[in-house]
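# This is a predicted model, with the sequence first.
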Amino acid sequence: MKSKTTKSLARQNRWVGFFFITPWLIGFLVLQLYPILATLFYSFTNYTFTNDPSFVGLKNYIRMFTIDKQFLESMKITGLYTLMAIPAKIAFALIIAMILNQKVRGIGVYRALYYLPSILGGSVAVSVLWRVLFMHDGMINHIIGTVGLGPVDWLTDPGIALGTLSLLQVWQFGSSMVIFLAALKQIPRDLYEAADVDGASWWLKFRKITVPQVSSVIFFNLIMQTVQALQNFTSAFVITNGGPMKKTYIIGMKLYDDAFKYYNVGYACAESWALFVVIIALTALVFKSSDAWVYYADEGVRK
Amino acid sequence: MRKALSVAMVIALLLCSFQVFAGGAGESSSDDGVTTIRVAWWGGDARHKAMLDMIAAFEAENPDIKVEPEYSAFAQYGDKFFIQLTSGAAPDVMAVDQPWCATAVQQGDFFLDLSPYAEQLQIDTFDDYLIDNYSYFNDKLLFLPIGINGMGSLVDTEILSQFGFDINDKDFTWDDMFALAEKVHAANPDWYLCCTDSKQAALYYARVYLRQLTGRQLINDDGTMGCTREELSEALELVDRCYKENVFQPITISAVYNNTMTQNPDWLNRKMFMILGRTSVMTETASRREIDGHYTTTGYVMPQLEGGVESGIEVRPVTLYAVNKETRNPDAAVRFLEFMFTTEAAAKAIGSNYSVPAREESRGYVADVLDPSAIENVEYSLANAGSTLNAWSGNSEVEALFTEIMEKIAYGQYDSMLEAADEIIERIGMIVTN
Amino acid sequence: MRISNKAKNVIRHIVLIAVCFVLIYPVVFMFFASFKESNEVFTSLSLFPEKYRWENYVNGWQAGASGSITFTNYFLNTFALVIPVVFFTIVSCSLVAYGFARFSFPFRKILFPAMISTMMLPSTVIIIPRFMLFKNLGWLDSYLPFYVPAIFACYPFFIFLLIQFMRNIPTSFDESAKMDGCSAMMILRKIILPLLKPAIFSAGLFQFIWTWDDFYNQLIFINSPRKFTVALGLRLAIDTSTETVQWNEVMAMSVCTIIPLFIIFFACQKYFVEGITSSGIKG
């Protein structure tokens, strides 16, 4: 019923919303649409930076699926990487956010310290730090060595390197954590108070109050982190450089190499569009599913 | 809240206007008769400092020209080079890496023909070998080499002499290398003769061996293979043996240092004793080791193949400089190059930052700062140079393919090197047809 | 009861510190490595340096080479780049998010997916035509390629983030304000934005940190070292074509670059978690 009133109110000034989004619309039309369409155009050409691009039809797309075996291989690796990294990262971020949401003296310092790994980002120092941790004679192997395990070739064993790489993703959980913290604070306190009166357990409160109340933000983090992971190239670039034997050659890195190292810009654009379609399809799927599990307080203005 | 917001807004706008103003000030140049040229190069701190000193000296002598320097590290320079070139945003004078020259010239007309200025630039005083092989494309003088790179090895003579290694043995062969490596590894199971990574294994072991064996290009100018699968597999066999016979450290340890092999603690801690490579890299690695109090020196040994067709030693420019064809001030750009390449002041400022200078006269100006072993290495390489590498054989995608195959060999992915050779031949075919 | 509470508190701190140590060990390593000797960074497994070399900071700061250009310039440039970008992003993205979250309007059904999808095309290739575009606009080697997209809300991530948080604010708030005669703009300013403070602070913080770290765009659009940011200045010290990388100094400058970010995070964190909790949002 409420949504009906909103709707009718909104209908009275149909262009009010339009007014608010004009900055974006201008930016989109002037700054974003052209580059997007240009890459679509390049994807049907043999553009190499330095030549006059000439039209080659679907050749780039055909090459991707027939000749260049690395493309599907890299897509597979990227999918695996995302599957390993993102659920773990989001769960970890939510758990840490709940821990850091407590009233403990000096909690602000903890929050800032826990965010430190994310501040580092793709910084140049990260490559050295991860090597120190994970190399043959590294920190981790020394630690597991004391209990008689290892040594494990974390970065150079073809079966393990991708897992080590996704650990870096999980380690930089900070931005998801911050968003969760903000969301946790938006939850009305009285919901918990009511539950306490009923004597609900911690787990029940988590399931019945916390998760539904932050579901819109879980949804947001899931989409954003997935999109980001599927496009990621810095972590592989900085740490494994795609190796060993291309087992961590994620698609973002392949795109970069094809465009900026081998100058096959047309082909790289085609690969980007293929990746784009996959990402769009995945996102649409998550958006579709969101009706079933995401709770909004505005009761769906958009519907 | 509102107060904080308005303060933030004022700061933001101030910073913006500051930026826009600063940007604007840079552009408005030629009013007072001063021309501004942009000069771009890559390098490390020492080279930047040397170049900036050189530019200061140039500006002092040429008050009508102002140089806007644009410098960065090699990886970043490479990322931007072609996109700038093709969009017309390239600087007036720019450093070019040798493998980029052919790629760029093949596809467009980006560089100014310097032939009309040949006399001003004293082209005849440059080393002929470099000018003949690397400067001219389609009879146009496009690139000026600043330094010369030979090939050889960096050797820990102190330790290796204990195993009977002789730095003056110019006939050091691959078999000698294997014999030496065996003794080294037998003395201490943590010791390996050569420090390398997959790319180095491709460029300085397999490719050099192949050149020695065949004397031909890996890929001919028309894109067909320049060697047979048997020849190629023999060259790959060399790398396979290096891993199997402990010339190289096991790949699972060394692969962490791909592209950064001199950071390998086992190299820094003197558990490996030899690096094959180009002069400039070797001298800089050596100088860094000296700071650390180790005694290591450059040698001139590039392992040879008994009965080989050629030395496999490739002589190429350290860096080339070119002028943008679209430059609005070609005369100023050429005057800058003239100063940079031919004057004593410039040569002294640059010092050893571009390895051994490509002009004999400039070599004289900086003799006191050049590593004598570097000069000897370059002279030896020039005297014994093999053929130069053509565009296809030095293509970055082909080199990446070779590097990948080296890694797979190291991980023992092939039953025989013929199998690996077949994969290379097949995939080179794909690269060439695209 | 009190004692057990105290014990609980101690346990909490122990857990917090233990997890913290594991998480930030690499950062601690970086801190101590910044005092080491260059090769010691790689050869020594020990966390602590043999000797504390403060000169790493001095030398790193002066960026070895460039004499007149030091990290002082890089830092000033970075602030000149980042602060306006953050400010414009917050203003423009709040407006746009409000439009999308609270109104239905013509073409909304097409524009919203279009907005979301702009972040799904890999930026690696998008940057190529964008470079050409900015070149033709004459914006290269200035900070305009960063300011202008911020002014025009070209950051779908933040729009989407703010939309998600706005949707957790019940519409009944807007409606009662509307009854009181508030305009749409006033509702945004008086009702939505105050309730959205946690999200806005996180968005601003992210934009600050990400723009600060965004090496790739800065690399492509900025040429002159006198306009370099810290991200570019740091990369300047790592040249792989020569073997002279002083990793100890790189570590020292990496520590310097994250200090401002750490301080800003620490200063902001109370805003994005301590907003309007006690009154809460009643549905």
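The structure has been received and is ready for your questions.

# so what's the residue nearest to the spatial centre of chain A closest to, chain neighbours aside?
Geometric centre of chain A, nearest residue: A:Q225, 1.9 Å, by Cα atoms, centre = their mean. Once flanking residues are discounted, A:Q225 sits nearest to A:I86: 5.0 Å by Cβ to Cβ, 6 or more residues apart in numbering or on different chains. (Glycine included, C-beta is placed from N, CA and C.)

# can you check B:A374 too?
B:T283 is the one closest to B:A374 (Cβ to Cβ, 6+ apart), at 4.6 Å.

# so what pLDDT did the residue nearest to the centre of chain A get?
With respect to pLDDT, A:Q225 scores 93.

# where's it relative to C:S123, distance?
Here A:Q225 is placed at a distance of 16 Å from C:S123 (Cβ to Cβ, to the nearest Å).

# circling back to that earlier point, the residue nearest to A:Q225: how many residues sit nearby?
As a burial measure, A:I86 scores 23 neighbours (other Cβ atoms under 10 Å in any protein chain shown).

# Which secondary structure elements does the helix or strand where it lies sit against?
Element membership for A:I86 (DSSP states H and E) is helix A:69-99. If you count contacts as 3 or more Cβ pairs under 8 Å, 6 or more residues apart in numbering or on different chains; DSSP states H and E, helix A:69-99 packs onto helix A:59-65, helix A:161-171, helix A:174-186, helix A:211-231, helix A:251-256, helix A:265-293, helix C:2-33.

# now check the helix or strand following the third one, is it near chain C?
The element immediately downstream of helix A:174-186 (helix or strand, assigned by DSSP H and E) is helix A:189-197. Yes: for a cut-off given as Cβ under 8 Å from any Cβ of the partner chain, helix A:189-197 has contacts with chain C, namely A:189-190.

# quick one: average confidence on helix A:189-197?
pLDDT averaged over helix A:189-197 gives 88.

# got the angle between it and helix A:211-231?
120 degrees (axes from the mean of the first three to the mean of the last three Cα atoms, to 10 degrees).

# Where does pLDDT dip in chain C?
C:1-3, C:64-67, C:241-244, C:273-283 (pLDDT under 70).

# Same question for the helix holding A:I86: list its buried residues.
A:70-71, A:74-75, A:77-79, A:81-82, A:84-86, A:89-90, A:93-94, A:96-99 (16 or more other Cβ atoms under 10 Å in any protein chain shown).

# Tell me the residues of the stretch 51-200 of chain B that contact chain A?
Counting by Cβ under 8 Å from any Cβ, the residues of the stretch 51-200 of chain B that sit close to chain A are B:78-79, B:82-83, B:85-86, B:103-104, B:106-108, B:110, B:198.

# go with 7 Å
Neighbours of chain A within the stretch 51-200 of chain B, by Cβ under 7 Å from any Cβ of the partner chain: B:79, B:82-83, B:85-86, B:103-104, B:107-108.

# what sits against the spatially most central residue of chain B?
What sits nearest the mean C-alpha location of chain B, by Cα atoms, centre = their mean, is B:V318, with 5.6 Å. The contact partners of B:V318, taken as Cβ atoms under 7 Å, 6 or more residues apart in numbering or on different chains, are B:146-149, B:280, B:354-355.

# If we use 8 Å, what do you get?
B:145-149, B:280, B:354-355 (Cβ atoms under 8 Å, 6 or more residues apart in numbering or on different chains).

# Could you tell me how far it is located from B:W42?
Taken as Cβ to Cβ, the span from B:V318 to B:W42 is 11 Å.

# Next: A:G145.
42 Å.

# ok, these two, which is more surrounded?
B:W42 (26 against 13).

# Thought B:S72 was touching the more buried one, still the case?
Yes: between B:W42 and B:S72 there is a contact under Cβ atoms under 8 Å: 5.7 Å.

# pretty sure B:N246 belongs to a helix, no?
No: judged by DSSP: H, G, I helix; E, B strand; the rest coil, B:N246 forms no part of a helix; its state is coil.

# Phi and psi next, for it.
Torsion angles at B:N246 (phi, psi; degrees, to the nearest 10) stand at phi 60, psi 30.

# ok, it - contacts?
Neighbours of B:N246 in contact, by Cβ under 8 Å, 6+ apart: B:181-182, B:185, B:192.

# before we move on, back to that, closest one to A:Y295 out of the residues of the stretch 51-200 of chain B next to chain A, please.
B:D79 (44.8 Å; Cβ to Cβ).

# If we ignore the residues flanking it in sequence, what's nearest that closest one?
In space, B:D79 is closest to A:F260, 5.4 Å off (Cβ to Cβ, 6+ apart).

# Check the burial of that neighbour by counting its neighbours.
22.

# any idea how far A:Y47 is from it?
A:F260 is 13 Å from A:Y47, by Cβ to Cβ.

# as a whole number, average confidence for stretch B:307-318?
Rounded mean pLDDT across stretch B:307-318 is 91.

# residues contacting C:C182?
Contacts of C:C182 (Cβ under 8 Å, 6+ apart): C:190-191.

# In the chain, where is pLDDT below threshold?
With no chain named, the answer covers chain A. For chain A (pLDDT under 70), the answer is A:1-13, A:299-303.

# ah, I was thinking of chain B
For chain B, the ranges with pLDDT under 70 are B:1-32, B:286-298.

# and the residue of the stretch 301-434 of chain B found nearest chain A, what element?
Residue nearest to chain A within the stretch 301-434 of chain B (Cβ to the nearest Cβ): B:E397, separated by 4.4 Å. Taking DSSP H and E as the criterion, B:E397 maps to helix B:396-410.

# can you list contacts of that helix?
Residues contacting helix B:396-410 (Cβ under 8 Å, 6+ apart): A:243-246, A:257, A:261-262, B:99, B:198-199, B:201-203, B:206-207, B:218-219, B:236, B:239-240, B:243, B:248, B:251, B:255, B:392, B:414, B:417, B:420, B:423-424, B:427-428, B:431.

# Sort out for me which of those are in helices.
Using DSSP state H, the members of the contacts of helix B:396-410 that fall in helices are B:99, B:198-199, B:207, B:236, B:239-240, B:243, B:251, B:417, B:420, B:423-424, B:427-428, B:431.

# just the buried members of the residues you listed?
B:198-199, B:207, B:236, B:239-240, B:243, B:251, B:417, B:420, B:423-424, B:427-428, B:431.

# Domain ranges for chain C, per the record?
C:2-61, C:71-273 (automatic domain parsing).

# Could you look over these and pick the most buried one?
Across these, averaging neighbours per residue (mean count of other Cβ atoms under 10 Å in any protein chain shown) puts domain C:71-273 on top, at a mean of 21.

# So what's the gap between that domain and the chain middle?
Between the centre of domain C:71-273 and the centre of its chain there are 7 Å (Cα atoms, centre = their mean, to the nearest Å).

# nearest spatial neighbour of the residue nearest to the centre of chain B, skipping sequence neighbours?
B:V318 sits nearest to B:G147 (Cβ to Cβ, 6+ apart), 3.4 Å away.

# I'd like to check which residues are in contact with that neighbour.
B:280, B:317-319, B:354-358.

# quick one: which of the residues you listed sit in strands?
If you go by DSSP state E, those have B:317, B:356-357 in strands.

# Do I have it right that A:I21 meets C:F100?
Yes: between A:I21 and C:F100 there is a contact at 6.2 Å, judged by Cβ under 8 Å.

# what residues are shared contacts of those two?
C:L111.

# For C:T124, what is the enclosing helix or strand?
Using DSSP H and E, C:T124 falls in helix C:123-136.

# Can you work out which other helices and strands pack against that helix?
Using 3+ Cβ pairs under 8 Å, 6+ apart, helix C:123-136 is in contact with helix A:33-42, helix A:251-256, helix A:265-293, helix B:74-87, helix C:144-151, helix C:215-221.

# what is the orientation angle of the fourth one with helix C:123-136?
Just to be clear, that refers to helix B:74-87. 50 degrees.

# could you check the angle helix A:265-293 makes with helix B:74-87?
Going by the same axes, to 10 degrees, helix B:74-87 makes 110 degrees with helix A:265-293.

# residues from the stretch 101-250 of chain A in reach of chain B?
Counting by Cβ under 8 Å from any Cβ, the stretch 101-250 of chain A comes close to chain B at A:131, A:134-137, A:153, A:155-158, A:241, A:243-246.
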